[in-house]
Each structure stands twice: as C-alpha cells, then as structure tokens.
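K.L.:
need coordinates for the following:
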Amino acid sequence: MQLKRFSYLPFILFLLPFIFNNGNINYSRELSSDITDSLNQDTGVMHDYIEFIPEKEIEALRKAPYLISVNYFHNANEFMDSLKSKGFTAEVYKWEKDPEFKSFDDYSTIWLGNNVPVDITVEVIQLANNFYPHLKYIHISGDKPGEQPPSHIHNNVFIGGATSTALEYKLKALTHEDFMKINSSMTKEELHKYIRGFYTH
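P.N.:
Next up is the predicted model:
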C-alpha cells in the first residue's frame, strides 16, 4: 500500500502546473479529488513528501472538486476573482438566452450542494453574504421532494439562485445575524439541520 501511494507523488508534482493553469482548474476536479484523497490519508510515506508542495496549492487541490458558480450580477467577475484568490474553482454563470445582468432582488438564493464540506460551505457563504448582502435564502440539493438533480450538483454552490424558486419552496429568509451563526465548528449534520430550520415544509 505504501509503495502504491509513494508512486503517486511524482504525478502530483507533474500535474500541479496543469491543474493551476491561470486558476482554470475545472477540467481537473475529478483528478484533484483523487489526489486530495491520497493526501488526506495519514501515512508516513506521503507525508514525508507533502512539504515539497506549497500549502496554498494543497489547499486549492482540496477545494478543486467543488465548483462555485456566481450568477451574472454586474460585479460577478470581481467576486469570482476573490474566490479564485482563495483557491476556489469559480465561474460566472451567464445565461445564453438572457445575457442581461441579473437583479439582486430577483436572485437572492444560495443553492448548496449536499456533498460540499462544512469548512468550504462556511467560507463561501460568509464571503458571499459579505459581498452580496441581498442574499436571503439557502437550499440544499436534493431536499425538494421528488427532486433528483445530476450528481455533480451535489458538489456545487450556486450564488444568486432565483428568489421566485425560493418562495415556491417556501423558504424563510435568513437575516445577516442568521448567516453569521453558520460556522466551521458545526458538523455537517448540524449545519444542514440549521439550514433546514429555514424550510417551512
């Protein structure tokens, strides 16, 4: 087992320049996830060599499988750049059939993937809430009865979902204070229970 994992390291070092190509690492998310799983397993062989990889790049590898999408707000590129500077895989979602900037009032929801780890969820939500104080609602993927979203949706966070859909789902609005109660000391179960406390069905 150790020899197998040791042989994985040269590939990590070889792939880093490609994975971190101008911050565009979307196409490498699955590969990054496999590498991250190997890095996260606690054996002496791998950890003897982790010191050769910059901490910032290890953190970006860990975040890479989780795509953060931002709706087409007028300042979306600025927020996307902020996310990328913190190691996130991020994109601005532009609607081909409706290329106009989106209004804050009409798009005030966060769609949260069920598989996104707590620390990543908390960091993204707090960054989004500070940058976009109009955000009011959060919904977890797969929570709507009968909903079967594609598997990749569970690894995504979408900032700026439709307010009309949140109202259709009968979600309650979070205040700024409610958002501030979301923190990384929560377990995933506690975090999701807290968010679901703002469901009314």
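K.L.:
Leu191 belongs to a helix, doesn't it?
P.N.:
Yes. Under DSSP: H, G, I helix; E, B strand; the rest coil, Leu191 falls within a helix.
K.L.:
neighbours around the closest residue to it other than its chain neighbours, how many?
P.N.:
The spatial neighbour of Leu191 that comes closest, neighbours along the chain excluded (CB to CB, 6 or more residues apart in numbering), is Val118 at 5.4 Å. In short, each C-beta sits where N, CA and C put it, glycine included. Neighbourhood size, Val118 [other CB atoms under 10 Å]: 18.
K.L.:
residues contacting Val118?
P.N.:
184, 186-188, 191 (CB atoms under 8 Å, 6 or more residues apart in numbering).
K.L.:
from these, pick the one nearest Lys84.
P.N.:
Ser184 (20.7 Å; CB to CB).
K.L.:
from Ala60, how far off is the closest one?
P.N.:
Note on Ser184: its distance to Ala60, by CB to CB, to the nearest Å, is 18 Å.
K.L.:
what about the two, which has more around it?
P.N.:
The neighbour count for Ser184 versus Ala60, taken as other CB under 10 Å, is higher for Ala60 (22 against 13).
K.L.:
ok, that one touching Ala90?
P.N.:
No. In this structure, Ala60 is not within contact of Ala90 by CB atoms under 8 Å, at 11.4 Å.
K.L.:
what about the strands in the chain?
P.N.:
67-71, 89-93, 109-112, 137-140, 156-161 (DSSP state E).
K.L.:
sheet partners, orientation included, of the first one?
P.N.:
Right, strand 67-71. Strand 67-71 sits in its sheet next to strand 89-93 (parallel), strand 156-161 (parallel), going by DSSP bridges.
K.L.:
could I get those as JSON lines with mean pLDDT?
P.N.:
Formatted as JSON lines, the strands paired with strand 67-71 follow (pLDDT from 0 to 100):
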{"stretch": "strand 89-93", "mean pLDDT": "95"}
{"stretch": "strand 156-161", "mean pLDDT": "98"}
